[in-house]
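>>> structure for the following, please:
(one chain, ligands or ions: 3)
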Amino acid sequence: MQLKICAQSIETVQTDAVVVGVFSDGIMTPSAAYAEAACEGAITEMIAEGDFDTKLGSTIVLRDMEGIWSRRLVLLGLGKLEDYDDDAFVQAVGAALKATKAQTVALPLEDWIPPARTIEWAVEHFARLALTQKEPLKCDEVELIDDHTYMVVVEEEKKSIAKALKIGQAKARAVNDAKYWANMPANFCTPQFLAETAMKMADIKHVTVKIHDEDAIRELGMNAFLAVAQGSRVAPRFIELHYQGASKSKAPLVMVGKGITFDAGGLCLKPGAHMTEMKYDMCGAAAVMAAFKAIAKLGMKRNVIALIPACENLPDGIAYKPSDVITALNGKTIEVQNTDAEGRLILADALAYAARFEPRAIVDVATLTGAMGVALGNHHHGLFVNDPKLCQAMEEAADRTMEALWALPFGGRYYKDLLKSNVADIANIGPRGEAGASVAATFLAAFVPEGTPWAHLDIAMTAWKSGRMPQATGRPVPLLIDWIANA
Ligand code: BES
Ligand code: MN
Ligand code: ZN
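Ligands and ions are numbered 1, 2, ... in the order given. Take a look at the predicted model:
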């Protein structure tokens, strides 16, 4: 599939199809008004006689219309003008992409910009929607082979529009990468697979990759991470990716991704029904790695580090046990009260490790707690953030990328008390059924380098769609890329 920008008018563009949008109550977009005049009122007539419904997302293809250059004229319903918003734009674009198999399709996107958005926003989102892979087990190359061309018709060609197209394409490819890795079964997507995937990124300019194997992880003192890994015969990997897009003196932005390639719960074994989808417990890692790759490929002028602790969480004769006490990288002792609360343990060491880079900010991404489902459902990521500026940056990036998220409380005396242990500095779980996501964030906060702006995204309910045909969503890849671009 090819996407092109072309500065022409809808009257002269030469494609096999042209899509024109029509709002309800006979409100025409400029292109529809032009088509309407060219075909002498045929559109209004079709609406009046009930042959075309202007409700959002409805389409009809007309062929060989008088006065229209293109062989096909696609009418696209945009619904009520007063209801038209970002979500309506997404639906309209989806319908436009499905309406015709014509080789070349012209889309006058300027007609469909939602309120308070720009043509750049519309172009970026269009590219993202057009190039995002829908089937679960295909990589991005497959989709790109088809020979469709979409011409985004704009009044005036601008550098900013070309850039928006490029960024939209990059975000779509990154989403496809993340989905592809996340959808892979756990016997393929192992810690070593993630490490090899990371190693391939060493080909990108200004990228360096370091893979720490089990001995190296022990050498570093990441005992919380090792404790989780020790119940599996599949060895852990700690993946460290560096991209230097700015001068060395600039403090880096660090992304940390939870990379549990399978979460059986450990000795606190999950019931079978809760385990089936636990190959997705590395969605945080997939999102961070995919975003990192896109950022580096785009050559962003930022210093970025990605850290991925990757291992399995299984029961075994030498698995870590409830009641074990382990010393994390930052010296704090942890009482393991539940081996299924493993994500926070591997993240604890990775967050503490980030201290050595004196980062400007840290964002971690993790499928951390089932409790997110009760708190926010499956649309909003849970956001936990210790710094108002970083909070604002995350919320702005979320707005631009249409990645719903919601800030929740954590830290403070109430939550800290829930994590008290009589044998260690901190317990790894709180009381059952009491603010599980906030308690988990409070645990993580104990391992964040002092004074560092930090945000934690709990994506347990947003990273994949559950059910008979589960599928990764690729979220929050666009959010991460957007945050780094604007940080
Ligand atoms: N990976 C799970 C969280 C999860 C559960 C994500 C369901 C998506 C769907 C995590 O490691 C876990 O098991 N969390 C426990 C924590 C509990 C033991 C305090 C949970 O949420 O039940
Ligand atoms: Mn678990
Ligand atoms: Zn887990």
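>>> can you pull the contacts of the residue of the stretch 301-450 of the chain found nearest ligand 2?
With Cβ to the ion, the shortest gap between the stretch 301-450 of the chain and ligand 2 falls at Asp340, namely 3.9 Å. Every residue, glycine included, has its C-beta placed from N, CA and C. Residues near Asp340 by Cβ atoms under 8 Å, 6 or more residues apart in numbering: Asp263, Gly265, Gly266, Cys268, Lys270, Asn313.
>>> and the residue of the stretch 301-450 of the chain that's closest to ligand 3?
Gly343 (4.3 Å).
>>> which pLDDT value does the model give that residue?
If you check Gly343, the pLDDT there is 99.
>>> give me the contact list for stretch 264-276.
By Cβ under 8 Å, 6+ apart, stretch 264-276 touches 228, 231, 263, 278, 312-315, 319-322, 338-340, 342.
>>> in strands, which of those residues appear?
Using DSSP state E, Asp263, Glu312, Asn313 are the members of these that sit in strands.
>>> the last one contacts Arg344, correct?
Okay, so that is Asn313. No: contact between Asn313 and Arg344 fails when scored by Cβ atoms under 8 Å: they sit 11.7 Å apart.
>>> before we move on, back to that, turn the contacts of Asp340 into CSV, columns for neighbour count, pLDDT and distance to Asn176.
Converted to CSV, these look like this (neighbours: other Cβ atoms under 10 Å; pLDDT from 0 to 100; distance: Cβ to Cβ, whole Å):
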residue, neighbour count, pLDDT, distance to Asn176
Asp263, 25, 98, 24
Gly265, 19, 98, 30
Gly266, 27, 98, 32
Cys268, 19, 98, 35
Lys270, 17, 98, 29
Asn313, 29, 98, 27
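>>> could you identify the most distant pair in the residues you listed?
For the contacts of Asp340, the maximum inter-member distance is 10.8 Å, found between Asp263 and Cys268 (Cβ to Cβ).
>>> for Val142, report the pLDDT, please.
At Val142, pLDDT is 53.
>>> longest helix anywhere in this structure?
helix 159-183 (DSSP state H).
>>> report all helices and strands that that one contacts.
Where contact means 3 or more Cβ pairs under 8 Å, 6 or more residues apart in numbering; DSSP states H and E, helix 159-183 is packed against strand 2-7, helix 119-131, helix 140-145, strand 149-154, helix 283-297, strand 471-472, helix 477-486.
>>> buried sites along the following helix or strand past it?
Counting by DSSP states H and E, the next helix or strand C-terminal to helix 159-183 is helix 191-200. By neighbour count on 16 or more other Cβ atoms under 10 Å, the buried set for helix 191-200 is Pro191, Gln192, Phe193, Leu194, Ala195, Thr197, Ala198.
>>> cool, and stretch 7-23?
For stretch 7-23, by 16+ other Cβ under 10 Å, it's Gln8, Ile10, Val13, Thr15, Ala17, Val18, Val19, Val20, Gly21, Val22, Phe23.
>>> doesn't the second one fall inside a strand?
No: inclusion of Ile10 in a strand is not indicated when DSSP: H, G, I helix; E, B strand; the rest coil is applied; the result is coil.
>>> show me the contacts for it.
Contacts of Ile10 by Cβ under 8 Å, 6+ apart are Val18, Val20, Pro30, Ser31, Tyr34, Ala35, Ala106, Pro108, Val153.
>>> top of those by neighbour count?
Val18 (29 neighbours; other Cβ atoms under 10 Å).
>>> so how far is Leu97 from Val13?
18 Å (Cβ to Cβ, to the nearest Å).
>>> I misspoke; the intended subject was Trp454.
With Cβ to Cβ as the criterion, Trp454 and Leu97 are 39 Å apart.
>>> and those two? which has more neighbours close in?
For Trp454 and Leu97, the more surrounded residue by other Cβ under 10 Å is Trp454, and the numbers stand at 25 against 17.
>>> phi and psi next, for that one.
The phi/psi pair for Trp454 (degrees, to the nearest 10) reads phi -140, psi 140.
>>> which secondary element of the protein has the worst mean pLDDT?
helix 140-145 (a mean of 56; mean pLDDT, DSSP states H and E).
>>> tally of neighbours for Glu82?
Neighbour number of Glu82 under other Cβ under 10 Å is 10.
>>> that's a strand at it, yeah?
No: membership of Glu82 in a strand is not supported by three-state DSSP, which gives helix.
>>> okay, it: pLDDT?
pLDDT, Glu82: 97.
>>> from Ser24, how far off is it?
9 Å.
>>> ok, Leu408 next?
On the measure of Cβ to Cβ, Leu408 and Ser24 end up 38 Å apart.
>>> next: Trp464.
35 Å.
>>> who has more neighbours out of the two?
Trp464 (25 against 18).
>>> what pLDDT is listed against the more buried one?
98.
>>> thought it was touching Gly474?
No: in this structure, Trp464 is not within contact of Gly474 by Cβ under 8 Å, at 9.3 Å.
>>> shared neighbours of the two, which are they?
Ala182.
>>> shaky segments in the chain?
136-145 (pLDDT under 70).
>>> need the residues of it near ligand 2, please.
With the criterion set to Cβ under 5 Å from the ion, the chain comes near ligand 2 through Asp263, Asp340, Glu342.
>>> which of the residues you listed lies closest to Pro252?
Checking those against Pro252 with Cβ to Cβ, the nearest one is Glu342 at 26.9 Å.
>>> how many neighbours does that closest one have?
With other Cβ under 10 Å as criterion, Glu342 counts 30.
>>> give me the contacts around the helix or strand containing Ala37.
Element membership for Ala37, per DSSP H and E: helix 30-38. Here helix 30-38 makes contact (Cβ under 8 Å, 6+ apart) with 9-11, 18, 20-22, 28, 42-44, 65-68, 73, 75, 108, 110-111, 153.
>>> now it, how far from the centre of its chain.
Helix 30-38 sits 38 Å away from the centroid of its parent chain (Cα atoms, centre = their mean, to the nearest Å).
>>> just stretch 273-292 next, same as before
On Cα atoms, centre = their mean, the centre of stretch 273-292 falls 11 Å from that of its chain.
>>> and that stretch, how far apart are its ends?
33 Å (Cα to Cα, to the nearest Å).
>>> repeat for stretch 460-477
Counting by Cα to Cα, the terminal residues of stretch 460-477 are separated by 14 Å.
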